[in-house]
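Novice: A structural model of the following input is requested.
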Amino acid sequence: MEMGFVKNWFKWSQLVLAMVMVQMFVAGMNLLSKVILSEGSFIFALMAYRHVVAAICVAPFALCLERIKEQKLGWLVWFWLFVNALTGITAAMALFYYGLRDTTATYAANFLNLIPIATFLLSTITGVEKLNLKTRAGKIRCLGVIVCVGGAVTTSLYKGEAFYLVHHSNNHHHITVDTSYAHWARGTIMLFCSCFSYSTWFIAQVKLLKIFPLKYWATMLICIMAALQSTVIGLCLDTSTASWRIGWNLQLVTILYSGALATAATFCLLSWAISVQGPLYPPMFNPLSLIFVAISGALILGEEIRMGTLLGMVMIIVGLYSFLWGKRKEKKSASLPEQAKTNAELTGFQLTAVVMPTTSPDNCQLCADSIAVDVVEDGLKTTENPRGLDNKRRTMI
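Specialist: Model prediction:
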């Protein structure tokens, strides 16, 4: 009993630690990216190099854990790999980076928590999901969506009083962030578009995994395609050598960190958590990255925290948990009828053979006529003797 408890607790603690690490990786990526983007780093060069590193880091898992067959890489597979790379990395990440450059790390992190909500809205519009307003879980889920959207609107439109976690003065040492790129309205639009691009990617990912279920190979090939797409788009926008040059500076650290930890390690940890606890488990930890970014941004970068940002943050967290709770209840409710149907099919017709020992008045030995068969059908149990059909009993069960 105690060993089982310790084993379950150890497994649970591993899952929690893995999800906390994922959120720390995301928070670190946001802060590092904010600094180098504010220094003028070219976004598409950053994305191209980052996903080359990610593909190299994922390659050992793909080569060792999965076996690929040449016939599986047909034109349809390559098409969905291209769509996944375009929607989930090239477009979504570029929009997020532009939005991050125009705003702050804390403000941009708010929108990462809206991705499940945007996915639900897009799935409802396309008919993949249903609102189910007649059920309690469906109502709570829709209420969570409304609260999340309200939190995003509050964060965008209401600023409120500004305050700092540490004493704000010119003598205090912070990493300097250039705010000349700041453009809140444009950044907000970019971040909203990034959320819906990520949502499109989730839907496209389902299509890909149906015809190409090798997750590590898919991730590696998507990263390679995203690097090529980013390179082509980047060269169309800027061909100067200075934009593509990498030095021994914070930009190189950000590229290695983002590719190795924020992409490769994060994907492996998320895949493991989903395989153990299901797809609704990792999003429950998303608000942690928002808290990490808010605290770290205020302490390290000296960013101000607005009352509107805090209020919107709380609304988004409450709405996200309401949405996930309703989604989980709906999945449980949907699984109950299937389980009941399966049980009904198994118990609707049962055939059991029972040997009923009796003695013959003639020779006091076991008679062949004493073998009876119990047939259970439609709630009635019939005891039949194969050699004496007139001797039959029916009882309710």
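
Novice: what about the helices in this protein?
Specialist: For the chain, the helices defined by DSSP state H cover 2-38, 43-65, 75-85, 92-102, 105-112, 115-126, 136-157, 184-211, 215-237, 241-244, 250-257, 266-277, 286-300, 307-347.

Novice: any idea how far the nearest residue to G308 once chain neighbours are set aside lies from G151?
Specialist: Nearest residue to G308, sequence neighbours excluded (Cβ to Cβ, 6 or more residues apart in numbering): Y158, at 3.7 Å. Yep, even glycine has a C-beta here, placed from its N, CA and C like the rest. Going from Y158 to G151 by Cβ to Cβ, to the nearest Å gives 11 Å.

Novice: shared neighbours of those two, which are they?
Specialist: Counting by Cβ atoms under 8 Å, 6 or more residues apart in numbering, the shared contacts of Y158 and G151 are 311-312.

Novice: Tell me which of the two has more neighbours.
Specialist: Legend: neighbour count by other Cβ atoms under 10 Å for Y158 and G151, higher for G151 (24 against 13).

Novice: got any ranges where the stretch 1-150 of the chain has weak pLDDT?
Specialist: The model of the stretch 1-150 of the chain has pLDDT under 70 over residues 1-3, 70-71.

Novice: Stretch 17-27: which residues count as buried?
Specialist: Of all the residues in stretch 17-27, those buried under the rule 16 or more other Cβ atoms under 10 Å are 18-19, 22-27.

Novice: Determine the number of other residues adjacent to the nearest residue to F61 once chain neighbours are set aside.
Specialist: Nearest non-adjacent residue to F61, counting by Cβ to Cβ, 6+ apart: Y216, 4.5 Å away. Number of residues near Y216 (other Cβ under 10 Å) recorded here: 21.

Novice: distance of the nearest residue to K331 once chain neighbours are set aside from S197?
Specialist: Of all residues not flanking K331 in the chain, L280 sits nearest, at 7.6 Å (Cβ to Cβ, 6+ apart). Noted for L280: a distance of 22 Å to S197, by Cβ to Cβ.

Novice: The two: which has the busier surroundings?
Specialist: Neighbour comparison, L280 and S197: the larger count goes to S197, with 22 against 15 (by other Cβ under 10 Å).

Novice: mind listing what W248 touches?
Specialist: Here W248 is in contact with no residue (Cβ under 8 Å, 6+ apart).

Novice: Kindly provide the distance from it to L133.
Specialist: Taken as Cβ to Cβ, the span from W248 to L133 is 57 Å.
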